[in-house]
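> I would like the atomic coordinates for the input below:
(2 chains)
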Amino acid sequence: MIRKSIERMAAALSAVGILLLAAACADVEVPETASDAVMAPVFEVDPMWPKPLPNHWVLGSAIGVTVDANDNIWIIHRGNGNPSTELGAAQDPPVAECCIPAPPVLQFSPEGDLLNHWGGPGEGYDWPGSNHGITVDPMGNLWIGGNGGDDAHILVFAQDGTFLKQFGKPGARRTDSFDEADPEWSGNSMDPENFGRVAKISFDASASEAYVADGYLNKRVAVLDIETGALKRYWGAYGNEPDDANIGRYDPEAPPAQQFRNPVHAADPSNDGLVYVCDRPNNRIQVFRTDGTFVMEKVLSGATLGAGSTWDVAFSKDPEQKYVYVADGQNMKVYVLLRETMEVLTTFGAGGRQPGQFFGTHSIATDSKGNIYTTETYEGKRVQKFAYMGEGPVEQKDQGVIWPTASR
Amino acid sequence: MAHRIPVGRTDRVSPLTGHRAAASSAAVRVLLFLALAGTMAAVPVTGVHGHDIPSDITIRAFVKPEGQRLRLLVRVPLEAMLDVTFPLNGPGYLDLSRAEESLGDAAMLWIGQEVSIYENGTRLAVPELAAVRASLPSDLSFSAYDTALASTLGPPLPVDTQIYWQQVMLDVLLEYRIASDRSEFSILPGLERLGMRVATVLRFLPPTGGKRLYQYTGNPGRVVLDPRWHQAAFRFAQLGFTHILDGMDHLLFLLCLVIPFQRLRVLVILVTAFTVAHSITLIAATLGLAPAALWFVPLVETVIAASIVYMALENIISPGLRRRWMAVFGFGLVHGFGFAYALREMLPFGGDHLVISLLAFNVGVEIGQLLVILICVPILRILFRYVPGERTGAIVLSVLAGHTAWHWLVERGGTLWEFDVLSTSPDGALYGVAGLLALMLIIAAFAGWALTRPGRPLQ
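As a prediction, the model looks like this:
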């Protein structure tokens, strides 16, 4: 009796199993090569990364991310800029158990553990009024810019937070000397010693040069010697001599502007002698040779107004750097471009606060395994990881949120 | 075109004071030099004297026997070299003009004397330090043996390179005298003390060509670099044995299996069925047949926790041997995926003997399980002698085991839930998993049917 019922159950289970297997096989047989599919790197957001911060720490606008040689992830943010409603424990007296702004510079392991933290004003250097951008150089040092009122300088720190160097002086861009009540500033893209609110610094290890996206006040790419900070060359849009005159707001119908608009937000050299510059409010990436010769430009979402569409670039980690990833904090997404043609293969991300969504996609970086890390400014205030799943056919031009789904 | 700035217009910061100085001024340069020299004179040994053990480091190494010589190339972060005083200047830059001796000391102290290499089972003498070099963290030469060797033997970094000492990579070439490059070599790395967590990427380049990649964390024990089948089998049997004894969830599953049935013969067969089941999925996963989705690992872990809860509930409600055959076999299939994740990193240690290694791992697991049963059964028998009735004792123990597993289930299920698998799998992954689960059901059903035929040793 019992044996018979077991046999019946086994038969029923087998039938269910066979049906499910058939469903699986049927699914596998569906051709996935739609005519509009392109081969592109495939990513999934990792909703578990990073792990929660300790000490009731909270992030502010996160305006820089970089990956060091050991695949550790560094970010910089402005926790002190959070509203007091978020910083109850930091009020005097504290009004709540939470929260406290995390130190400005945070280092995470590839697994998402917080490894190190430092930053803020200190002896011997001028911490920016509004820190902006963080990038690791070939020596492993971290370079930080700033887009606060007086910020006209760059800071270099060792990974343990030891101050190493400062290039430029804060306040160098003031035009009305030192009227603290009503300060005014203006750009000077010819200044060989100071900068104009630096957005980001990137590096060409082979030439020992630093490329400065300069910036929120100046309108140039400035190239420095990594060790001395000496300015070696600089240029404006199309390789023109930079002109700091105000050229008004971006107009999609107008002819292309012959100067960068502020901010010039990133200038990243590739490993084949090209430099990719984010001319943010002009919605374009301009590509140059390392000597400043203009090569080509690519407009992305050209109708974008306001803060613009081209915020930061990062390259895929294959030796050819086959793909370029562009962060767009105004349209809340990341573009995936084929570097050789600068064709947009696909985009991912959408506006929102859940994993895989963005609010103010500000900075982007890749690790040695091809994973992408992004930080978000404004009220986005976070760092996200997009796990590289290999190359595969991508059918959607705009993928939206790339949630973990997987068998890709 | 770019506007060029004449070289020499520098804007640098004094490494001593941190204040900016016009380096174009020769006077300032002289002052800087004097200040630096003064500091050096006042502090005869400028350097770092002590620091913390780094929390997380990666070591890259190559082992290559060539003729009468075996070369060991190693790259370690300099910050892991404790108890060695390195000459520094400025805010903490390694003084490359004076660093060679201390770099060599560090290389021999922490690597040359710690690493043990064996030729045909005999430990080789302490090696000769053939070269030592400080490298930048961005240097990629250690991605391949030839470039790593060329870099280590090549020119040193310019002495005026400003590199913060804790960010220096130390490249070391050690040479051992050997009788023949065709001997059997093994290595006991001994480098796990260099950090709180030490990850190593070791490549062995045998004289016959090819290369073998070993990746491990901590101390892997003595590694036979090109193992014979019996060496691979022994290593993996050991691994299986220790893995089952380390895995709390697998042990609790076994305990639930044992609680209501203290007859050794029946238990041995049950446990063997479990082993056969997890062998199937372990081998399948190793061959790449498991879904690669991020949520598959939490899914497996959740089902493992659920398997314990189920066993405990069955023990409490109605422990039946007939149902248990199917449950044990089905859950064994899931546990196999769990073993596969534990084993993935270790597979290169089997050399060319992948299948033998996997089977040996399962044998090790089986031996470990049988040992657990051999220990548990007499203890349970004695325990149940002192409680009012064997059934009551079984229920109490099962409640305790089930309670623990319930917590795991909630915790792991919470992690799994974060992925929101059900609502977001349009591309076949979910069907793949459904297919796998169906396969498990079929196998379990078949096993149940086969084992309930007359004459089988069911009870």
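
> show me what contacts A:Phe260?
A:219-220, A:236-237, A:242, A:277, A:279, A:282 (C-beta atoms under 8 Å, 6 or more residues apart in numbering or on different chains). C-beta coordinates here come from the backbone N, C-alpha and C atoms, glycine included.

> domain ranges for chain B, per the record?
B:56-226, B:232-451 (automatic domain parsing).

> who does the host helix or strand of A:Phe386 pair up with?
Assigned by DSSP states H and E, A:Phe386 belongs to strand A:382-394. Paired neighbours of strand A:382-394 in the sheet (DSSP bridges): strand A:38-45 (antiparallel), strand A:372-376 (antiparallel).

> A:Arg261 contacts A:Ile247, correct?
Yes - at 6.7 Å, A:Arg261 counts as touching A:Ile247 under the criterion of C-beta atoms under 8 Å.

> of the two, who's got more company?
A:Arg261 (20 against 17; other C-beta atoms under 10 Å in any protein chain shown).

> look up the closest residue to the more buried one, ignoring the ones flanking it.
Take A:Arg261 and drop its neighbours on the chain: the residue closest to it by C-beta to C-beta, 6 or more residues apart in numbering or on different chains is A:Pro281, 4.0 Å away.

> hey, C-alpha coordinates of the strand holding A:Phe386 in CSV?
C-alpha atoms of strand A:382-394 as CSV (Å, rounded to 0.1, in the frame of the first residue of the first chain):
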residue,chain,number,x,y,z
ARG,A,382,25.8,56.8,-3.0
VAL,A,383,28.3,54.5,-4.7
GLN,A,384,27.0,51.6,-6.8
LYS,A,385,28.7,48.5,-8.4
PHE,A,386,27.7,47.1,-11.8
ALA,A,387,29.1,43.6,-12.1
TYR,A,388,30.6,42.8,-15.5
MET,A,389,28.9,39.6,-16.9
GLY,A,390,30.9,39.3,-20.1
GLU,A,391,30.1,40.3,-23.6
GLY,A,392,26.8,39.4,-25.0
PRO,A,393,24.0,40.3,-27.4
VAL,A,394,22.1,43.4,-26.2
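
> picking that back up, tell me which of the contacts of A:Phe260 is nearest to B:Arg177?
A:Val277 (56.2 Å; C-beta to C-beta).

> where does the stretch 1-150 of chain A get nearest to chain B, which residue?
Nearest to chain B in the stretch 1-150 of chain A, going by C-beta to the nearest C-beta, is A:Gly124, at a distance of 2.8 Å.

> list the buried residues for stretch A:313-328?
For stretch A:313-328, burial by neighbour count (16 or more other C-beta atoms under 10 Å in any protein chain shown) applies to A:313-317, A:321-328.

> can I get those residues in JSON lines with pLDDT and secondary structure?
Below are the buried residues of stretch A:313-328 laid out as JSON lines (pLDDT from 0 to 100; DSSP: H, G, I helix; E, B strand; the rest coil):
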{"residue": "A:Val313", "pLDDT": "98", "secondary structure": "strand"}
{"residue": "A:Ala314", "pLDDT": "98", "secondary structure": "strand"}
{"residue": "A:Phe315", "pLDDT": "98", "secondary structure": "strand"}
{"residue": "A:Ser316", "pLDDT": "97", "secondary structure": "coil"}
{"residue": "A:Lys317", "pLDDT": "91", "secondary structure": "coil"}
{"residue": "A:Gln321", "pLDDT": "97", "secondary structure": "coil"}
{"residue": "A:Lys322", "pLDDT": "97", "secondary structure": "coil"}
{"residue": "A:Tyr323", "pLDDT": "98", "secondary structure": "strand"}
{"residue": "A:Val324", "pLDDT": "98", "secondary structure": "strand"}
{"residue": "A:Tyr325", "pLDDT": "98", "secondary structure": "strand"}
{"residue": "A:Val326", "pLDDT": "98", "secondary structure": "strand"}
{"residue": "A:Ala327", "pLDDT": "98", "secondary structure": "strand"}
{"residue": "A:Asp328", "pLDDT": "98", "secondary structure": "strand"}
